[in-house]
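Asks: quick one: sequence and predicted model below, then my questions.
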Amino acid sequence: MVSTLKSRLSTKLTRQRLAAFLELHGTDARTLEVGAKNKPYQRLFPHTISGDIARYSMLDAQFDAHALPFAGASFGVVLCTEVLEHCRQPHQVIAEFYRVLQPGGKLILTTRFLFPIHDAPHDYFRFTKYGLQALCESFSHVTVTEEAATVETMGVLYQRLAYQVKWKLPFMRLFLHLFARILVRAQGLVREEYGDITRASREQNIMASGYYVVAIK
């Protein structure tokens, strides 16, 4: 029973949200999955060419997202989850996604904002929602959605401290997981959020663990 509780508490807070987001965009269209590793979303995107910068036995191709080895307008969808922050030239990567998409094609992308270093040392950037909109300015329509709201994001960060830090006190990991769950439920306590400390303009979700992007060419 104790192990079951620990397992439930340590489940990533945002995993279900990412799964639900991708469920909305599953398609039979010809899809390029960038950074696929073990093809986690093949069920949702069955007609996929999957690739990564590293060689994995399950993948269809090995390539660098900065220079995709495909002709322009080759795909109806480009799927890229949790990769952009690991790319040295994100502008070039987005330009490549735009190039290989067909007119009216869709880029489905997720990436980090407030989040610890991960996959070190290959972790280079963090993106605000405004930065992502700027990166995707060539697309005809861009929707950016927060992965987690402000107080929820604090919960995500506490959970990452449980994952990524070795503590001197043996109960710290359990405490952090419990506190993370409490914070996720405390989002409703927020009345207003603002874009700077002068509170001159209102802003929604000034902190987010990451963003989900849908961009139409």
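Replies: Cool, got the structure.
Asks: can we go C-alpha only for contacts and neighbour counts from here?
Replies: Will do.
Asks: packing partners for the longest strand out of those in the chain?
Replies: In the chain, taking DSSP state E as the definition, the longest strand is strand 101-112. Applying 3 or more Cα pairs under 8 Å, 6 or more residues apart in numbering; DSSP states H and E, one finds that strand 101-112 makes contact with strand 75-81, strand 210-216.
Asks: adding distance to residue 20 and mean pLDDT, write those out as TSV.
Replies: Output for these, formatted as TSV (distance: least, Cα to Cα, whole Å; pLDDT from 0 to 100):
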stretch	distance to residue 20	mean pLDDT
strand 75-81	13	98
strand 210-216	11	98
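Asks: pLDDT score for residue 37?
Replies: What the model reports as pLDDT for residue 37 is 84.
Asks: now do it against residue 122, distance only.
Replies: 16 Å (Cα to Cα, to the nearest Å).
Asks: related to what we said a few turns ago, next helix or strand past the longest strand of the chain?
Replies: Later in the chain than strand 101-112, the nearest helix or strand by DSSP states H and E is helix 129-135.
Asks: about what we covered before: looking at the helices and strands packed on strand 101-112, which is nearest to residue 44?
Replies: strand 75-81 (10.9 Å; Cα to Cα).
Asks: coming back round to it: how about residues contacting the longest strand of the chain?
Replies: Strand 101-112 is contacted by residues 25, 72-85, 97-98, 126-127, 209-217 when judged by Cα atoms under 8 Å, 6 or more residues apart in numbering.
Asks: tell me the bridge partners for the closest residue to residue 35 other than its chain neighbours.
Replies: Among residues not flanking residue 35 along the chain, residue 52 sits closest, at 4.4 Å (Cα to Cα, 6 or more residues apart in numbering). Beta-bridge partners for residue 52, by DSSP bridges, are residue 62.
Asks: mind listing what residue 52 touches?
Replies: Residue 52 touches 34-37, 59, 61-65, counting by Cα under 8 Å, 6+ apart.
Asks: among the residues you listed, name the buried ones.
Replies: 34-37, 59, 61-63, 65 (16 or more other Cα atoms under 10 Å).
Asks: and those, which two are furthest apart?
Replies: Top of the distance list for the buried ones among the contacts of residue 52 (Cα to Cα): 59 and 65, 14.6 Å.
Asks: where does pLDDT dip in the chain?
Replies: Along the chain, segments meeting pLDDT under 70 span 1-10.
Asks: for it, just list every one of the helices.
Replies: 2-10, 15-25, 90-100, 129-135, 150-164, 172-184 (DSSP state H).
Asks: can you redo these as JSON lines with distance to residue 41?
Replies: Compiled in JSON lines, those are given as follows (distance: least, Cα to Cα, whole Å):
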{"stretch": "helix 2-10", "distance to residue 41": "22"}
{"stretch": "helix 15-25", "distance to residue 41": "8"}
{"stretch": "helix 90-100", "distance to residue 41": "18"}
{"stretch": "helix 129-135", "distance to residue 41": "23"}
{"stretch": "helix 150-164", "distance to residue 41": "23"}
{"stretch": "helix 172-184", "distance to residue 41": "26"}
